[in-house]
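Novice: Could you work out the structure for the sequence below:
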Amino acid sequence: MQKIIPAVFAMLILQAAPAAAQSLEESIEAAVNANPRLAAERAQADAIEANVDSARSAIRPQLAIDGSYQRQDVSRTSAFNQITGTQDTSDFELDTLNVGIEATQTLFQGFQNRNRIAQAGASADAARADLNGVRQSVIVGAVAAHANVLRDEAAFELRQSSVSTLESQVEGAERRRELNDATVTDLAQARARLAGARAEMALARADVLASRANYENIVGQPAGTLGALPALSGTPESFASAYEIALESAPALTAARSRASASEDAVSVARADYAPSVSAFARAGYAEDTNFVGDSRDDISVGLRLRVPLYQGGAVSAAVRGAKSVATRDRFLVDQAERDVRAIVDSQWQALLASRLAIEAIEEQVVASQLAFESMQEEALGGVRTLTDVLDAERDMLAARVSLAEARRDAYVAEWALLESIGLADPSLISVQ
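Specialist: Below is the predicted model:
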């Protein structure tokens, strides 16, 4: 029964998978297209970019039509006529129609509109930088999810192979025990190792299912047969070059600088309320009293309007002080963002170096443990080594192989994480084999 379960598990994976292996590029594309957080951030960026057009509308001519219609019921009583001894009363209605069209154009407003457009543009730049940061985070998340599935499947296959090897060891120990060529202790140790290996295989199976569930959550579709991890191009060769790129491309730093620029423009916008404003207008109107034929009036007027603020109760000065405080805050946030970027790049660079060194060391460990295991088997046949020695060597070899799968995954994800920290995590960097 225990031999059947791994086989059934493998069959379920194969049945759920498509015929062709899904490449990492396809996993990334699916994640980018289906990620709700990225879609929400994209909508947010679109909303902020709409403010640019809104700000530009203030420098364009404004055209409006207005009109009114008024009806009055009038009751008029004349003065008492002492000659006739009568007093006349009359009731009538007055209908008045007014229609006009007016065009206005702002000529000067203390450069407020120009600065408001610049402020909106800087805010849009910050929103696009935030969107780029979220996109790269989603990409690296998809890479990690893809790599996790491959790592856990490799670990499961290694432990499945170990169970098969230990089953053979147990069968051999049982045969030798029947021939009095093995002790009860040898057989018990072999069975104990086999039981432990089966337990570890069950845990490895759970890891595969968990990583596949995580893949579906991040990518938005079930994991089929996933393709191998492709090589990357464009990874910086030193920390100095990585940090130099990050100073220009890191999304968090770019967003902080854009927000600081928007805050500086907001100060200029607030100051503009101190300045006079000038606008031009042109109006054409038509008025008619419908009770009297021919009683109508046409008028056309063109002119300038000047507004000079004298006293606003301190509102403008308070707005300027507030805008300056926000600008000061955002300048400090830029400094902090630079520190954060340097720390993140340094951390990711060190993680990448450590993972690469780990791969080199573990590869040597795998070769050595493989040689030790094969030698132990030969020496056990000659009676020089015990079954326990063989089991220990097999365990060491398995641990080295599992560690190598984990180290390769860690190095690959660390490379993508470094690219994300400097703002270059993009599928275009995947090398074409």
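Novice: all helices for the stretch 251-400 of the chain, in order.
Specialist: 251-271, 315-381, 387-421 (DSSP state H, counting those that start in this stretch).
Novice: got a markdown table for those, with mean pLDDT and distance to residue 287 too?
Specialist: Glycine gets a C-beta too; all of them are placed from N, C-alpha and C. Below are the helices of the stretch 251-400 of the chain laid out as a markdown table (pLDDT from 0 to 100; distance: least, CB to CB, whole Å):
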| stretch | mean pLDDT | distance to residue 287 |
| --- | --- | --- |
| helix 251-271 | 95 | 40 |
| helix 315-381 | 94 | 39 |
| helix 387-421 | 93 | 68 |
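Novice: of all those helices, which lies closest to residue 174?
Specialist: Set against residue 174 and scored by CB to CB, the helices of the stretch 251-400 of the chain come closest in helix 387-421, at 11.6 Å.
Novice: Mind giving me the packing neighbours of the closest one?
Specialist: When contacts are defined as 3 or more CB pairs under 8 Å, 6 or more residues apart in numbering; DSSP states H and E, helix 387-421 packs onto helix 112-178, helix 184-219, helix 239-249, helix 315-381.
Novice: relative to helix 184-219, how tilted is it?
Specialist: 20 degrees (axes from the mean of the first three to the mean of the last three CA atoms, to 10 degrees).
Novice: Which positions within helix 387-421 qualify as buried?
Specialist: Residues of helix 387-421 classed as buried by neighbour count (16 or more other CB atoms under 10 Å): 387, 389-421.
Novice: next one: stretch 105-124
Specialist: So, applying 16+ other CB under 10 Å, buried residues of stretch 105-124: 106, 109-110, 112-124.
Novice: how about JSON lines for the helices of the stretch 251-400 of the chain, with distance to residue 39 added?
Specialist: Below are the helices of the stretch 251-400 of the chain laid out as JSON lines (distance: least, CB to CB, whole Å):
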{"stretch": "helix 251-271", "distance to residue 39": "17"}
{"stretch": "helix 315-381", "distance to residue 39": "25"}
{"stretch": "helix 387-421", "distance to residue 39": "19"}
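Novice: so which of those comes closest to residue 170?
Specialist: Set against residue 170 and scored by CB to CB, the helices of the stretch 251-400 of the chain come closest in helix 387-421, at 9.9 Å.
Novice: by how many degrees do that closest one and helix 112-178 diverge?
Specialist: Going by the same axes, to 10 degrees, helix 387-421 makes 170 degrees with helix 112-178.
Novice: if we can go back for a sec, closest to residue 20 out of the buried residues of stretch 105-124?
Specialist: Nearest to residue 20 among the buried residues of stretch 105-124, counting by CB to CB, is residue 124 at 41.0 Å.
Novice: so the residue nearest to the closest one when sequence neighbours are not counted is in which element?
Specialist: Sequence neighbours aside, residue 49 is the residue nearest to residue 124 in space, at 4.5 Å (criterion: CB to CB, 6 or more residues apart in numbering). Residue 49 is part of helix 36-56 when elements are defined by DSSP states H and E.
Novice: in the stretch 1-150 of the chain, what spans have low per-residue confidence?
Specialist: Applying pLDDT under 70 to the stretch 1-150 of the chain flags residues 1-19, 74-92.
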